[in-house]
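> structural data only, the sequence is not supplied:
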C-alpha cells in the first residue's frame, strides 16, 4: 500500500448534505479528486442502507458504515453486522408503548412504525425525505433489526438510559434518538473496515457534524467537524471546517492537506 493512500469516512446529513438535503457541487468535485488520487472513500451514517443507496451511486462509493456502525459494506459486499437481540426490542417496545412514545424499526431495506401515525415520526422521518413508515408493530420479530428510532424529548430519554443500560441512545433530532444494540458505534464499524483494508487509524480521516460522530472522531487520527456542528462536537475534533453549505468538505480537505 502506498504511504500516501488514506481512508476517509464521511457522515451524510449535515456533512455531505446541507439542510435542504442537497449535495454541494464543491463536495462532489472534491470527492472525485480524492478518488482519482487513489484514496479509499466510505460513507459513515446513521442511515439505513436503503437510505444511502442513491447518494452512494451518485458519488460512486461502494463502501459504507450504516446504522451508526451496525451494518458494514466493503466494496459492495456485506462484511459485518450487529443486530439487536429480539428480547431487547420486545422489552423496549413494551416500555415505550407504556409511555406513549413511538418507535421505528429498521433493517437494511425497510422500516416500520410501532404506531399508525405520530407527528414526531412524520417530522423526523420527513426531515430525511422519507414518508411516515407503515404500521407494523411486530416487524422486529421476523427480521434482523440493526437500529431503532425512539421519538421523545431529551428529558424523556433519560428514563430509557436508566432502564436499558445495555443499549445505546444517540440523539440526532430534538424529537428523536437512535437506539443501538449493545456495543454499537460508528467507531466499531469503522474499525471493521480499517482492519480489513490494512490501514492504521492514523491514516484515517472522518468528517462529521453531530453527536453520533463523536466516537468516530476519537478513533481516527484526523477528525474534521463541520462548521454547522454543535460546539460540543467541534471541541472534540482535531480540525473545524466551514459549514456544509459553504464548501465545508472541500475546505476541510484543504485544511488537512488532501486537496489543493
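Received, thanks. Bear in mind that the values here come from a model prediction, so they are computed numbers and not experimental data.
> could I get the buried residue list for stretch 49-60?
49, 51-52, 55-56, 59 (16 or more other Cβ atoms under 10 Å). All C-beta atoms are positioned from the backbone trio N, CA, C, and that covers glycine.
> next: stretch 147-158.
So for stretch 147-158, counting by 16+ other Cβ under 10 Å, buried means 147-152, 157.
> restricted to strands, list these.
147-150 (DSSP state E).
> from the buried residues of stretch 49-60, which single one is nearest residue 173?
residue 51 (14.6 Å; Cβ to Cβ).
> what does whichever strand or helix holds the closest one rub up against?
According to DSSP states H and E, residue 51 maps onto helix 49-59. Contact with helix 49-59 is made by 12, 16-17, 23, 28, 31, 41, 43, 45, 62, 64, 66, 71, 73, 108-110, 128, 130, as judged by Cβ atoms under 8 Å, 6 or more residues apart in numbering.
> show me which of these are buried.
By neighbour count, with 16+ other Cβ under 10 Å, the contacts of helix 49-59 hold 12, 16-17, 23, 31, 41, 43, 45, 64, 66, 71, 73, 108, 128 as buried.
> which ones are touching residue 135?
Here residue 135 is in contact with 112-117 (criterion: Cβ under 8 Å, 6+ apart).
> redo that, cut-off 6 Å
113, 116 (Cβ atoms under 6 Å, 6 or more residues apart in numbering).
> tell me how far it lies from residue 177.
21 Å (Cβ to Cβ, to the nearest Å).
> and if you look at residue 51?
In terms of Cβ to Cβ, residue 51 sits 17 Å off from residue 177.
> go on, residue 134?
22 Å.
> how about the secondary structure of the nearest residue to residue 157 once chain neighbours are set aside?
Closest residue to residue 157 apart from its sequence neighbours, by Cβ to Cβ, 6 or more residues apart in numbering: residue 177 at 5.5 Å. Under DSSP: H, G, I helix; E, B strand; the rest coil, residue 177 falls in the strand class.
> for residue 177, name its beta-bridge partners.
residue 150, residue 171 (DSSP bridges).
> for it, report the pLDDT, please.
Note for residue 177: predicted pLDDT of 96.
> ok, it touching residue 171?
Yes. Under the criterion of Cβ atoms under 6 Å, residue 177 is in contact with residue 171, at a separation of 4.5 Å.
> those two: who's more crowded?
Taking other Cβ atoms under 10 Å, residue 177 and residue 171 do not tie; residue 177 has more neighbours (27 against 17).
> gap between that one and residue 124?
Separation of residue 177 from residue 124 (Cβ to Cβ) stands at 10 Å.
> also residue 42?
The value you get for residue 42 to residue 124, if Cβ to Cβ is used, is 25 Å.
> what ranges does this protein have for its helices?
25-36, 49-59, 86-99, 119-127, 154-163, 186-197, 214-219, 231-234, 248-255 (DSSP state H).
> among those helices, which is the most enclosed?
The highest average neighbour count among those, using mean count of other Cβ atoms under 10 Å, belongs to helix 248-255 at a mean of 22.
> show me the contact partners of it.
26-27, 30, 224, 226-227, 239, 241-242, 259.
> from those, which is closest to residue 84?
Checking these one by one against residue 84 (Cβ to Cβ), the nearest turns out to be residue 226, at 29.8 Å.
> mind listing what the nearest residue to the closest one once chain neighbours are set aside touches?
Among residues not flanking residue 226 along the chain, residue 209 sits closest, at 4.1 Å (Cβ to Cβ, 6+ apart). Applying Cβ under 6 Å, 6+ apart, one finds that residue 209 lies in contact with 14-15, 226, 228-229.
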